[in-house]
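Participant: Sequence first, then the predicted structure:
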Amino acid sequence: MNRAARRVALALALALGGAACDESLKDIAGPTPDLEPTFSSIQREIFNTTDSSGRQACITCHVAGGPAGFMPLTEGVSYGNLVNRTSPNKLGAVRVIPGDPNNSYLIQKLEGTPGIVGERMPRTSGPFLTEGQISIIRRWIELGANND
């Protein structure tokens, strides 16, 4: 199955499973089995933690004074740096648009979508987030990107 077909299948599974509840997301969370489509879970399991695949915690670089200090993802400031915030590197790009994961620059950077400025995240050339992890972040955005 090619990448586009896997995304469609994963999106369909999320839509069907998410309509009732998000418990089925544990099946696709991969190296972060406790990841849920809430901001607090994304903060804890993705931004703050190196996962079992060896993907470094985002705050390895995204801290004040770090290599990506222009966008700290530490607790207390990460939500405000992401939701409805424009990217200084790409004109017109908004990092997280509540309800619109396809046009959220965060998703584009995580997926390495053509047209991003700079490199796919994490910049270390991987391991990257799995499609399941990205799908759970997409789900959080679809649900309105609440600060929960």
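Facilitator: Structure received. On a predicted model such as this, the values are computed, not experimentally measured, just so you know.
Participant: Quick check: next helix or strand after the lowest-mean-pLDDT helix or strand in the chain?
Facilitator: Here the helix or strand of the chain ranked lowest by mean pLDDT, DSSP states H and E is helix 3-20, holding a mean of 46. Downstream of helix 3-20, the first helix or strand assigned by DSSP states H and E is helix 39-42.
Participant: buried residues in that next one?
Facilitator: Residues 39, 41, 42 are the ones in helix 39-42 that count as buried (16 or more other CB atoms under 10 Å). Where you see a C-beta, it was placed from the backbone N, CA and C, and this is true even at glycine.
Participant: Just the pLDDT for the last one.
Facilitator: At residue 42 the predicted local confidence, pLDDT, stands at 97.
Participant: all numbers from here: first residue = 40
Facilitator: Fine by me, first position is 40 from now on; the one you just mentioned is residue 81.
Participant: so where is the chain shaky, pLDDT-wise?
Facilitator: 40-65, 108, 163-164 (pLDDT under 70).
Participant: cutoff 90 now
Facilitator: 40-73, 90-95, 99-100, 102-109, 161-165 (pLDDT under 90).
Participant: Can you give me the separation between the closest residue to residue 80 other than its chain neighbours and residue 143?
Facilitator: Leaving aside its sequence neighbours, residue 80 sits nearest to residue 74 (CB to CB, 6 or more residues apart in numbering; 5.7 Å). Distance, residue 74 to residue 143, by CB to CB, to the nearest Å: 17 Å.
Participant: Look at these two and report which has more neighbours.
Facilitator: residue 74 (27 against 24; other CB atoms under 10 Å).
Participant: show me what contacts that one?
Facilitator: Taking CB atoms under 8 Å, 6 or more residues apart in numbering, we find residue 74 in contact with 64, 68, 80, 81, 84, 85, 172, 175.
Participant: for residue 89, same thing?
Facilitator: Contacts of residue 89 (CB under 8 Å, 6+ apart): 95, 96, 99.
Participant: ok, of the residues you listed, which come out buried?
Facilitator: 96, 99.
Participant: How about the contacts made by residue 82?
Facilitator: 112, 114, 117.
Participant: Swap in 6 Å and give it another go.
Facilitator: residue 114 (CB atoms under 6 Å, 6 or more residues apart in numbering).
Participant: Cheers, nothing more for now.
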